[in-house]
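Participant: Sharing a sequence plus its predicted fold:
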Amino acid sequence: MFLKYSSTIGLMDFEEKNSGEDYQLETVLRPDCWTDYIGQERIKNNLKIMLEAAKKRKELPDHLLFYGPQGLGKTTLAHLISKELGASLRVTSGVNLEKSGDLVAVLANLEPGEILFIDEAHRLNRMIEEILYPAMETRKLYITVGKGPTARMMALDLPPFTLIAATTRLNLLSAPLRSRFGAIFGIEYYDVEEIKKIIFRSAKILGLRIGSEAVELIARASRFTPRTANRLLKRVRDYSQVHNLKEIDAKAVGETLNMLEIDQMGLEKWDRKLLKSIIERYNGGPVGLNTLAAVLGEDKAVIEEIYEPFLIKIGLLQKTSSGRIATKDAYEYFDNYLT
Ligand code: ADE
């Protein structure tokens, strides 16, 4: 039984996983062997060893946890691992596993050797975690049968399986859950050279002719994130198709970015709105997340999971114990780019 992939947090996230075209694009462009998987060398090497060793022992690899900002390829890695092992992947999300019956249904339907991928693992509640612990450790599923004084606990044996969990918020995962993974990997932002390789690869798969200057511009605006790079490539492809261009050039990229209100560093309208609010309303901060969310009319999770990681990474925003602060670079950004 494959559960429908869905998410309730993050507008961009929601859009990308559910809107047909972009979701399809992600599937088409997803690398399915290590050679095609660009970057994250340390993680790749560790995983290759783990998988090879498990194959040699004719066992399944340990349970794995991936964490890091959205769009960096946690799901891609899970797919890649399942391909490497020749195992099927069952995908669900912490959002979908609300009641104990939800997880029991998933676990009880696992086939031997399958991989269970739980995205947004920080959304799992305590009750669900309690069911997961024995399932991960001893492959036992404890279920309560009956109600009231006659209720009894039954233990079911589960087939061998590997759990791969992913989260954008490692700090929200309970310590007991974290401790049950055999390896935990932090996926990091890619560098521009790696993103360029990803764009060249995607362009080739999509049969696009694209100049290196155009690739460079897309890479620089892609927030060091493959998903964003591929999405921008697609928007540029639309533009070039409409304008009957034989090859995607720097001008086409520039015009597309302008139309999307994305600047050459990859900042979008919402990023600028967030920084401007801190600068203009709160004198540069510090300002608390609750206040910021209210001022922007935005969900706190969206701010924390989508906007902030990139703004922090490029040094325009700082998170302190007393709130968010716009850095000196943020002031300079507005001096240089918008005036
Ligand atoms: N698409 C998403 N992540 C990728 C990666 N690391 N390499 C190639 N294509 C990707």
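Facilitator: Everything's here; your move. Being a predicted model, the structure only gives us computed values, none of them experimental.
Participant: those helices in the stretch 201-339 of the chain, which residues are they?
Facilitator: Along the stretch 201-339 of the chain, counting by DSSP state H, counting those that start in this stretch, helices occupy 212-220, 226-242, 250-259, 269-282, 289-296, 300-302, 308-313, 328-337.
Participant: Tell me which of the ones you listed sits nearest to the ligand.
Facilitator: Closest of the helices of the stretch 201-339 of the chain to the ligand is helix 226-242, at 3.5 Å (criterion: C-beta to the nearest ligand atom). Yep, even glycine has a C-beta here, placed from its N, CA and C like the rest.
Participant: Return the distance of the closest one from the chain's centre.
Facilitator: Between the centre of helix 226-242 and the centre of its chain there are 19 Å (C-alpha atoms, centre = their mean, to the nearest Å).
Participant: before we move on, what about stretch 191-201?
Facilitator: 18 Å.
Participant: Quick one, which of the helices of the stretch 201-339 of the chain gets closest to Glu98.
Facilitator: helix 300-302 (16.6 Å; C-beta to C-beta).
Participant: elements contacting the closest one?
Facilitator: When contacts are defined as 3 or more C-beta pairs under 8 Å, 6 or more residues apart in numbering; DSSP states H and E, helix 300-302 sits against helix 289-296.
Participant: ok, and for the helix it packs on, which residues are buried?
Facilitator: For helix 289-296, burial by neighbour count (16 or more other C-beta atoms under 10 Å) applies to 291-293, 296.
Participant: which residues are in contact with that helix?
Facilitator: 270, 273-274, 277-278, 281-282, 299-300, 303-304, 323-324 (C-beta atoms under 8 Å, 6 or more residues apart in numbering).
Participant: As a check, name the ranges of all strands in the stretch 1-150 of the chain.
Facilitator: Secondary structure of the stretch 1-150 of the chain (DSSP state E, counting those that start in this stretch): strands located at 64-67, 89-93, 114-119, 140-145.
Participant: With respect to Ile187, which of those strands lies nearest?
Facilitator: strand 64-67 (5.8 Å).
Participant: circling back: okay, the helices of the stretch 201-339 of the chain in JSON lines with mean pLDDT and distance to Ala155 next?
Facilitator: Below are the helices of the stretch 201-339 of the chain laid out as JSON lines (pLDDT from 0 to 100; distance: least, C-beta to C-beta, whole Å):
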{"stretch": "helix 212-220", "mean pLDDT": "98", "distance to Ala155": "52"}
{"stretch": "helix 226-242", "mean pLDDT": "97", "distance to Ala155": "41"}
{"stretch": "helix 250-259", "mean pLDDT": "98", "distance to Ala155": "57"}
{"stretch": "helix 269-282", "mean pLDDT": "96", "distance to Ala155": "49"}
{"stretch": "helix 289-296", "mean pLDDT": "96", "distance to Ala155": "43"}
{"stretch": "helix 300-302", "mean pLDDT": "92", "distance to Ala155": "36"}
{"stretch": "helix 308-313", "mean pLDDT": "97", "distance to Ala155": "41"}
{"stretch": "helix 328-337", "mean pLDDT": "92", "distance to Ala155": "56"}
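Participant: thinking again about what came up before, least confident of the strands of the stretch 1-150 of the chain, on average?
Facilitator: Mean pLDDT is lowest for strand 140-145 among the strands of the stretch 1-150 of the chain, at a mean of 90.
Participant: Partner strands of the helix or strand just after that one and their direction?
Facilitator: Where DSSP states H and E defines the elements, the next helix or strand beyond strand 140-145 is strand 152-157. Using DSSP bridges, strand 152-157 pairs in its sheet with strand 140-145 (antiparallel).
Participant: Now the partner strand - C-alpha only, PDB.
Facilitator: Output of strand 140-145 as PDB, limited to C-alpha atoms (Å, rounded to 0.1, in the frame of the first residue of the first chain):
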ATOM      1  CA  LYS A 140       8.000  -6.100  16.700                       C
ATOM      2  CA  LEU A 141       4.700  -4.400  16.300                       C
ATOM      3  CA  TYR A 142       2.700  -4.100  19.500                       C
ATOM      4  CA  ILE A 143      -1.000  -3.600  19.100                       C
ATOM      5  CA  THR A 144      -3.800  -3.400  21.700                       C
ATOM      6  CA  VAL A 145      -6.700  -5.600  21.000                       C
END
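Participant: which parts of that strand are buried?
Facilitator: Neighbour-count burial for strand 140-145 flags Leu141 (criterion: 16+ other C-beta under 10 Å).
Participant: which other residues reach it?
Facilitator: By C-beta under 8 Å, 6+ apart, strand 140-145 touches 104, 107-108, 131, 134-135, 151-158.
Participant: switch the cut-off to 7 Å
Facilitator: Outside strand 140-145, the residues that touch it by C-beta atoms under 7 Å, 6 or more residues apart in numbering are 104, 107-108, 134-135, 151-158.
Participant: which of the contacts of helix 289-296 lies closest to Lys58?
Facilitator: Among the contacts of helix 289-296, and counting by C-beta to C-beta, the member closest to Lys58 is Glu304, at 42.4 Å.
Participant: Give me the nearest residue to that closest one, chain neighbours excluded.
Facilitator: Leu289 (6.9 Å; C-beta to C-beta, 6 or more residues apart in numbering).
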